[in-house]
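Student: A structural model of the following input is requested.
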Amino acid sequence: MTRSRQAAGAAVAVIVLGLAAIVLTQAVVHHGALATLDGPFRDWVIDHRNWFLTEVMVAASRFGSVPSLIVIALAAAAWLALRGRKDAALLVIGGSAGAFALGPVLKAIVERPRPALSDHVVFVDSWSYPSGHSLNSMAVLGLLTVLAVRARPGRVRRTLIIVLGVFLVAVVGFSRVYLGVHWPSDVLAGWLIGVLWLTICFAIAHLTRGNTRTSGTVRDSS
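Tutor: Residues are numbered from 1 along each chain as shown. As a prediction, the model looks like this:
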């Protein structure tokens, strides 16, 4: 596949995901879509709490918090840099930082209230939509998953890496609903916007790498 086709494919993906995020936001916040998911499903999850699951979900939520993900991103970037993969290290740092900044901005724009305070297991003091934990974990763990898959040969290894990445992101998102601090649609939006951000990050990285290679060549006029 040529560079121009790859760029076109990335542009189409960004547009489609961006439109999907806008449609979901409008449908959920202004038209009450996904009410079945936000109501009965969330109530069912909360009704089935127990002490063991609560401890697991609290731990999962802490794992997907900004401080934890910062440590993970910095550790991964340092490891990549030591192995000579400076471009990948910069991608992890830049992509993670952008996600951390994007979430609060979107929350301030949408201003969706949290579920009832009586259902909260952990303390929160920000708007609800989208779920920052879901967006950030999708961005940071997604970056690391894709980079790991690209670096690891073999279908079995790649499959295991993908399954682990998906599992971690899913558990972090589910934990926010279980702990009563997010509507399920907040989590879905966080995942969708996280995938959108991942696509943008890898598209920019690909274009930047291509431009660097092109600028580094010298035409022989002889």
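
Student: quick one: least confident helix or strand in this protein?
Tutor: In the chain, the helix or strand scored least confidently by mean pLDDT, DSSP states H and E is helix 35-36, which has a mean of 72.

Student: now the element after that helix, going C-ward?
Tutor: Where DSSP states H and E defines the elements, the next helix or strand beyond helix 35-36 is helix 42-47.

Student: that older thread, what lies in contact with the least confident helix or strand of the chain?
Tutor: Outside helix 35-36, not one residue touches it by C-beta atoms under 8 Å, 6 or more residues apart in numbering. The way it works is simple: take the backbone N, C-alpha and C, and place the C-beta from them, glycine included.

Student: from one end of stretch 148-162 to the other, what's the distance?
Tutor: Stretch 148-162 has an end-to-end distance of 9 Å (C-alpha to C-alpha, to the nearest Å).

Student: pull out the buried positions in stretch 54-64.
Tutor: If you call a residue buried by 16 or more other C-beta atoms under 10 Å, then stretch 54-64 has these buried ones: 57, 60-61, 63-64.

Student: what's in contact with it?
Tutor: 68, 121-122, 133-134, 136-137, 168, 171-176, 178-179.

Student: which of those residues has the largest number of neighbours?
Tutor: residue 137 (31 neighbours; other C-beta atoms under 10 Å).

Student: tell me which residues touch it, please.
Tutor: Contacts of residue 137 (C-beta under 8 Å, 6+ apart): 64, 69, 168-169, 172-173, 194.

Student: which strand or helix spans it?
Tutor: With DSSP H and E as criterion, residue 137 is part of helix 132-151.

Student: list the buried residues in that helix.
Tutor: 132-148.

Student: where are the low-confidence patches of the chain?
Tutor: The chain contains residues with pLDDT under 70 at 1-4, 6-7, 31-33, 209-222.

Student: spatially central residue in it, please.
Tutor: Closest to where the C-alpha atoms of the chain average out (C-alpha atoms, centre = their mean) is residue 138, at 2.2 Å.

Student: contacting residues around that residue?
Tutor: 169, 190-191, 193-195, 197-198.

Student: which of those lies closest to residue 106?
Tutor: residue 193 (7.1 Å; C-beta to C-beta).

Student: my read: the closest one touches residue 21, true?
Tutor: Yes. The criterion here is C-beta atoms under 8 Å, and residue 193 meets it with residue 21 at 5.3 Å.

Student: ok, the two, which is more surrounded?
Tutor: residue 193 (26 against 18).

Student: what packs against the longest helix seen in the chain?
Tutor: For the chain, the longest helix by residue count, based on DSSP state H, is helix 184-215. Applying 3 or more C-beta pairs under 8 Å, 6 or more residues apart in numbering; DSSP states H and E, we find helix 184-215 packed against helix 3-31, helix 86-110, helix 132-151, helix 155-178.

Student: can you put the ones you listed in a markdown table and add distance to residue 47?
Tutor: Converted to a markdown table, those look like this (distance: least, C-beta to C-beta, whole Å):
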| stretch | distance to residue 47 |
| --- | --- |
| helix 3-31 | 23 |
| helix 86-110 | 27 |
| helix 132-151 | 22 |
| helix 155-178 | 11 |
